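> Below is the sequence, then the predicted model.
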Amino acid sequence: MDRLQSMRVFAKVVEQGSFAGAAKALDISNAVVTRHVADLEEHLGTRLLNRTTRRLSLTETGHAYLERVTQILQEIDDAEAIASSHARKPSGTLRIYSLLGFGQLQLAQLLPAYAAQYPEVTLDVTVSDRTVDLVEDRFDVGFFVDFQKFDASMVARQLGVSEIVLCASPQYVKKHGAPRTREDISKHACLNFSYEQVRHGWPARGENGEMIQIPITNKVISNNGDLLRQCALAGMGIVLRPSFALGDDLAAGRLVRLLPQHELGKLSVVMVYPSRRLLSAKVRTFVDFITKQYPRPDTDPWLQK
């Protein structure tokens, strides 16, 4: 039998002063009550109750055991009450991981509204280009792009499809002109990531749909996307970034899009969390909140602002 349930039955027998009273209070049969207590005593190897036809009394061991069992059962009840409360009311710490560019430029704009709505939730946010294991690193929710790896057993909700856009500041275009063809990109100062796969060329889709590499001349190389963005805003060159990283600058006119007729690639942005079942209130409300911000997940919301 369940030992925890046997402990509860034993405590109820003492409280009610009889097996019959415990059976009535717990809505189970006398035989089941007797079996629970007998199994508990057999497991412990000692008698807990002295039984006569007229009354029950605790043995010395029974007194000591009841005192500890009462504490344990109270702690379990308190823990269940706390967990149940957390499941109903958003509270506690919500640990979030995000890809660096998305976290800095999109998620940071959304978090204040969620925090205002759910003030008892503490947001613990990690933004990094390092891919993490949500379960191992104890994150509740993560934001990834499709080339990042995450456990296939996770729940993944697509938020949008971010187009890779080529941009420059208006002052750069005024001074150096805009590329008219993809081949013209090679003649311009490029602000580029230091990753080996793009260090010497930028990807683009060819006339037949195949991916090609455009040779480039690097003006600035960095592992940080926001640094490249700032260099682009300062007129130092052209930059190739996902729309979620540059969409606000395009909408405000701080950057202008170049070669919009050519597809330079796309990235799916997904929100990932470990399970659909028994989500805590803080995770459930956050997932619902983010999902409402992106009602058309098959489109690029960052170019439509």
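Perfect, thanks for sending it. Numbering: from 1, shown residues only.

> beta partners for the residue lying closest to residue 186 once chain neighbours are set aside?
Excluding its sequence neighbours, the residue lying closest to residue 186 (C-beta to C-beta, 6 or more residues apart in numbering) is residue 215, at 5.0 Å. Every residue, glycine included, has its C-beta placed from N, CA and C. Beta-bridge pairing for residue 215 (DSSP bridges): residue 201.

> Residue 215: neighbour count?
As a burial measure, residue 215 scores 11 neighbours (other C-beta atoms under 10 Å).

> quick one: it and residue 188 touch, right?
No - the criterion here is C-beta atoms under 8 Å, and residue 215 misses it with residue 188 at 11.5 Å.

> contacting residues for the residue nearest to residue 186?
If you count contacts by C-beta atoms under 8 Å, 6 or more residues apart in numbering, residue 215 has them with 186, 200-201.

> And it, how far from residue 167?
From residue 215 over to residue 167 the distance is 19 Å, taken as C-beta to C-beta, to the nearest Å.

> The stretch 201-305 of the chain: helices as residue ranges?
225-233, 243-252, 281-293 (DSSP state H, counting those that start in this stretch).

> Could I get the buried residue list for the second one?
Within helix 243-252, the residues that qualify as buried are 243-250, counting by 16 or more other C-beta atoms under 10 Å.

> how about that helix as PDB, C-alpha atoms only?
Output of helix 243-252 as PDB, limited to C-alpha atoms (Å, rounded to 0.1, in the frame of the first residue of the first chain):
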ATOM      1  CA  SER A 243      14.300  41.800 -39.900                       C
ATOM      2  CA  PHE A 244      13.700  41.300 -36.100                       C
ATOM      3  CA  ALA A 245      17.100  42.900 -35.500                       C
ATOM      4  CA  LEU A 246      16.600  45.900 -37.900                       C
ATOM      5  CA  GLY A 247      12.800  46.300 -38.400                       C
ATOM      6  CA  ASP A 248      12.400  49.200 -36.000                       C
ATOM      7  CA  ASP A 249      15.300  51.100 -37.600                       C
ATOM      8  CA  LEU A 250      13.700  50.500 -41.100                       C
ATOM      9  CA  ALA A 251      10.300  51.700 -39.900                       C
ATOM     10  CA  ALA A 252      11.900  54.800 -38.300                       C
END
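
> Would you mind checking the average pLDDT for it?
Mean pLDDT, helix 243-252: 90.

> Now do that helix and helix 225-233, the angle between them.
Helix 243-252 runs at 30 degrees relative to helix 225-233, counting by axes from the mean of the first three to the mean of the last three C-alpha atoms, to 10 degrees.

> helices and strands around helix 243-252, which ones?
Packing partners of helix 243-252 (3 or more C-beta pairs under 8 Å, 6 or more residues apart in numbering; DSSP states H and E): helix 100-102, strand 155-168, helix 225-233.

> which one of those lies closest to residue 5?
Relative to residue 5, the nearest member of the helices and strands packed on helix 243-252 by C-beta to C-beta is strand 155-168, separated by 33.5 Å.

> Give the buried residues for the following helix or strand past the closest one.
The helix or strand immediately downstream of strand 155-168 is helix 170-176, counting by DSSP states H and E. Residues of helix 170-176 classed as buried by neighbour count (16+ other C-beta under 10 Å): 172-173.

> Could you do stretch 92-111 as well?
Of the residues in stretch 92-111, 92, 94-107, 111 count as buried by neighbour count, 16+ other C-beta under 10 Å.

> Then stretch 287-305?
The neighbour-count check on stretch 287-305 (16+ other C-beta under 10 Å) flags 287, 289-290, 294, 297, 300-303 as buried.
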